[in-house]
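*Asks:* Sequence and predicted model, in that order:
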Amino acid sequence: MLSAACCVMASKRGRDEGMTSHRPLRALEWVGERDGFLRIVDQTRLPREIRYLQLNSADEVREAIMHLKIRGAPAIGVAAAFGVVLGMRQARYRSAADALAHLERVVNALRESRPTAINLFHALERMHRLGHSIITAPEFQPQVNDLVLRLLAEAKAIWAEDRQMCRALAEHGAALIQDGMGVLTHCNTGALAASDYGTALGVLFVAWERGRRFTVYATETRPLWQGARLTTLELKWRGIATVLACDNAAGWLMRLGRVQLVLVGADRIAANGDTANKVGTYSLAALARMHGIPFYVAAPTSSFDATLPDGSAIPLEQRSPLEVTQPFGLQIAAEGIGAENPAFDVTPADWITGIITERGLIQPVNRATIAALLQSESPHKVTAIS
Ligand code: MRU
């Protein structure tokens, strides 16, 4: 449980302002400087209520990630980076060894918050590398503020890079969206899932801003309803034509010719292009393939895990059966019945038409095109389009 002292700050904007405002919410924000805090919107309460949480410790960040108060692969990476800052700020060290041991504890605790999104591990690795190099330098002085300030600067850099990457990939992907299309998307991949614009939804935001007119079919995304609760809210804020679709209506909508493109995000993409994303993505990709509909993934390069040869090694989070049998505390299944609740599944690379990244479009999706893109250093110029 988050301690009451840490975090509760009910929105003064109130329900109505939040629901009708065209200024989208930010999933997270660092407020202040060294003595600041991480402010997040509690996404478990949306769309009913806009409630901000002030997180002041690494434990509070960890709990918020575990309970999906903040969620979405890029957003949890950025939140975890700030979690390291908060964790290192909390403690007093007597020596470098003491500081190093504390850094390990903080990073390891955050690593255990959720297993699938690689963005979390990339961000923590970067924070750990910096912290380790500062602490092991001969000039390190435990009593001096420098460590926290430098970690804060790094977390802010990760945050800024995420904003830039998502914006750039959205610009690339927008060209795929044509007037009159029906675009089916799954889960939530917008501003609430990243630092700013988001990934798959970011593509749609930019296309709409450029004057394209299309309809988005947002799947409900059971059992936690990120599509119904969050995606419809973000699309509504931007005035984008939106239809909420039951997860199990997707195939029939394709059959009726309503869907011309499927566009989803990613939590981890293996070296060969196999892609872990919210459970149900695999089924959508199979259906798209069966109906001859292009299936695109939108993800920043921070979502790639080049260390895994294929998707079979991606750790897939299993969540509590109660999320299925008792959604929002309401018992809907027979008492005592068990339930499967995998949070993610893996879509095979050869079912994916293309992957939209901040550096360009990967198409076709295979080991060679992915390696070429990941090795390229100049965003926007190098693409792996064949
Ligand atoms: O369990 P969640 O809500 O964190 O799952 C999120 C997703 O599956 C998103 O599609 C993915 O993180 C991409 S977000 C830009």
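*Replies:* Yep, it's here. Note that the structure is a prediction, hence the values are computed from the model and not measured.

*Asks:* Could you pull out the buried residues of stretch 44-61?
*Replies:* Applying a neighbour-count criterion of 16 or more other Cβ atoms under 10 Å, one finds 44, 46-47, 50-61 buried in stretch 44-61. (Glycine included, C-beta is placed from N, CA and C.)

*Asks:* Now do the contacts for the residue of the stretch 251-386 of the chain found nearest the ligand.
*Replies:* Taking Cβ to the nearest ligand atom as the measure, the stretch 251-386 of the chain has Gly265 as its residue closest to the ligand, at 2.7 Å. Residues counted as contacts of Gly265 (Cβ atoms under 8 Å, 6 or more residues apart in numbering) are 72-73, 187, 189, 193, 198-200, 277-278, 297-299, 303.

*Asks:* which one is it nearest to, not counting chain neighbours?
*Replies:* Thr189 (3.6 Å; Cβ to Cβ, 6 or more residues apart in numbering).

*Asks:* quick one: which of the buried residues of stretch 44-61 is nearest to the ligand?
*Replies:* Nearest member of the buried residues of stretch 44-61 to the ligand, counting by Cβ to the nearest ligand atom, is Thr44, at 10.5 Å.

*Asks:* Hmm, that closest one is touching Met66, no?
*Replies:* No. Thr44 is beyond contact range of Met66, at 11.4 Å (criterion: Cβ atoms under 8 Å).

*Asks:* and the stretch 51-200 of the chain, which residues reach the ligand?
*Replies:* Contact residues, the stretch 51-200 of the chain versus the ligand (Cβ under 6 Å from any ligand atom): Leu68, Arg71, Gly72, Ala73, Pro74, Ala117, Cys187, Thr189, Ala193, Ala194, Gly198, Thr199.

*Asks:* how close does Ala137 get to Thr275?
*Replies:* 39 Å (Cβ to Cβ, to the nearest Å).

*Asks:* Please say which of these two ends up with more neighbours.
*Replies:* Thr275 (31 against 10; other Cβ atoms under 10 Å).

*Asks:* which residues does the more buried one contact?
*Replies:* So Thr275 contacts Ala266, Arg268, Ile269, Thr281, Val297, Ala299, Gly311, Val346, Thr347, Ala349, Ile352, Ile355 (Cβ under 8 Å, 6+ apart).

*Asks:* And stretch 132-147, end to end?
*Replies:* 10 Å (Cα to Cα, to the nearest Å).

*Asks:* Mind listing what's buried along whichever helix or strand Val84 is part of?
*Replies:* Secondary structure assigned from DSSP states H and E places Val84 in helix 73-90. With burial defined by 16+ other Cβ under 10 Å, the residues of helix 73-90 counted as buried are 73-89.

*Asks:* wait, the residue nearest to Gly265 sits on Leu201?
*Replies:* Yes. With contact defined as Cβ under 8 Å, Thr189 and Leu201 form a contacting pair (4.8 Å).
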